[in-house]
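Asker: I would like to see how this sequence folds:
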Amino acid sequence: MLLAVDIGNTNINSAVIDNKGKILKKFTINPHSTDAVERGFHCVSGTGVSRGWEIEEVVIVSVAPEILRKVKRGLRKQFRRARIIIVGRDVKVPMKCLYSKGQIGQDRLITAFAASSLYGLPALIIDFGTAVTFDVVSGKMTYLGGLIVPGVKMSLESLHDRTAMLPKTYLRKTRLLIGRDTASSIRSGMIYGYGALCKGLVKLFKKKLGKNIKIVATGGDAPLLTRHVPSVKNIDLNLSLKGLYLLSKKFQKNT
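Answerer: Numbering: from 1, shown residues only. Predicted coordinates for the structure are as follows:
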């Protein structure tokens, strides 16, 4: 069994995956609590014992070095026999990359690799996470680069923190284009605003790379925001975890 671990700035998303790529258990951990990290992986090991699972390998992609150190400590306590592999350090994502060396986040390469492998080329990956990222892969499986936009929740928090009168507002589905109070105006601005932004950028990418580009959305806000981007047909909330599984299979073949 494989434990795939995606360490982000907001959450740690993990999954137990069998050798055929089936996700058996998926869970999210608060990365800012040492106790939560250790309890989270203890739950997996406990469940593994009861179901006869044995974690043989752990593959981690991380954008947060401090949290990575905390996670590795928790993993070593729970899975003493498992091989722990860090993407970027122990194994490289098998894609030619034109991005400035040392600046590309391994999480972006993992989702680009997964989308290209599972959905085809050329590919555009839109990740609605802490930041909204657009990543582009050419028809020859080359990572070309992308765009970074502040995430929706980050924008909501900034509106509240940097103004005296705007309330703290949570993102949720709305049919209103024109808000009738401050909270609904902010929600409409975020949902329709980000939807229009994505729609416009997708149009530009299609002009650049062709109409047949495969578009894949991922990240927690993808189901809500892609309602307003008709050209996005593929939503895969497990894209990074699937990428870690695919990378693990390639790593095993080469060792």
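Asker: Tell me where the stretch 151-255 of the chain has helices.
Answerer: Here the stretch 151-255 of the chain has its helices, by DSSP state H, counting those that start in this stretch, at 152-161, 182-209, 222-225, 239-253.
Asker: Equivalent analysis for the stretch 1-150 of the chain, please.
Answerer: 34-51, 65-78, 106-119.
Asker: tell me the mean pLDDT over the longest one?
Answerer: Meaning helix 34-51. Averaging pLDDT along helix 34-51 gives 66.
Asker: again, but for the last one
Answerer: Helix 106-119 comes out with an average pLDDT of 97.
Asker: Highest mean neighbour count out of the helices of the stretch 1-150 of the chain?
Answerer: Mean neighbour count (mean count of other C-beta atoms under 10 Å) peaks for helix 106-119 among those, with a mean of 24. Where C-beta positions appear, they are placed from N, C-alpha and C, glycine not excepted.
Asker: Determine the set of other helices and strands touching that helix.
Answerer: Judged by 3 or more C-beta pairs under 8 Å, 6 or more residues apart in numbering; DSSP states H and E, the packing partners of helix 106-119 are strand 57-62, strand 123-128, strand 131-137, strand 142-150, strand 214-218, helix 239-253.
Asker: Output the ones you listed as JSON lines; include the columns mean pLDDT, mean neighbour count and distance to residue 8.
Answerer: Listed next are the helices and strands packed on helix 106-119 as JSON lines, based on pLDDT from 0 to 100; neighbours: other C-beta atoms under 10 Å; distance: least, C-beta to C-beta, whole Å:
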{"stretch": "strand 57-62", "mean pLDDT": "96", "mean neighbour count": "24", "distance to residue 8": "8"}
{"stretch": "strand 123-128", "mean pLDDT": "97", "mean neighbour count": "26", "distance to residue 8": "10"}
{"stretch": "strand 131-137", "mean pLDDT": "97", "mean neighbour count": "23", "distance to residue 8": "10"}
{"stretch": "strand 142-150", "mean pLDDT": "97", "mean neighbour count": "16", "distance to residue 8": "14"}
{"stretch": "strand 214-218", "mean pLDDT": "98", "mean neighbour count": "23", "distance to residue 8": "12"}
{"stretch": "helix 239-253", "mean pLDDT": "92", "mean neighbour count": "21", "distance to residue 8": "9"}
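Asker: For residue 30, which of those is the nearest?
Answerer: strand 57-62 (15.2 Å; C-beta to C-beta).
Asker: which secondary structure elements does the closest one contact?
Answerer: strand 2-7, helix 65-78, strand 83-86, helix 106-119, helix 239-253.
Asker: would CSV of the ones you listed with distance to residue 209 be doable?
Answerer: Shown next, in CSV, are these (distance: least, C-beta to C-beta, whole Å):
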stretch, distance to residue 209
strand 2-7, 26
helix 65-78, 33
strand 83-86, 31
helix 106-119, 13
helix 239-253, 19
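Asker: you'd agree residue 201 is up against residue 136?
Answerer: No: counting by C-beta atoms under 8 Å, residue 201 sits too far from residue 136 to count as a contact (10.6 Å).
Asker: And the helices and strands packed on helix 106-119: which comes nearest residue 103?
Answerer: Nearest of the helices and strands packed on helix 106-119 (C-beta to C-beta): strand 142-150, 10.1 Å.
Asker: Show residues contacting that closest one.
Answerer: Strand 142-150 is contacted by residues 95-99, 104, 108-109, 112, 125, 131-138, 158, 197, 201 when judged by C-beta atoms under 8 Å, 6 or more residues apart in numbering.
Asker: 6 Å - rerun?
Answerer: Residues outside strand 142-150 that contact it (C-beta atoms under 6 Å, 6 or more residues apart in numbering): 95-99, 112, 131-138.
Asker: Throw those into CSV and include distance to residue 210, thanks.
Answerer: CSV is the format used below for the contacts of strand 142-150 (distance: C-beta to C-beta, whole Å):
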residue, distance to residue 210
95, 19
96, 19
97, 21
98, 18
99, 21
112, 17
131, 26
132, 23
133, 21
134, 16
135, 17
136, 12
137, 13
138, 10
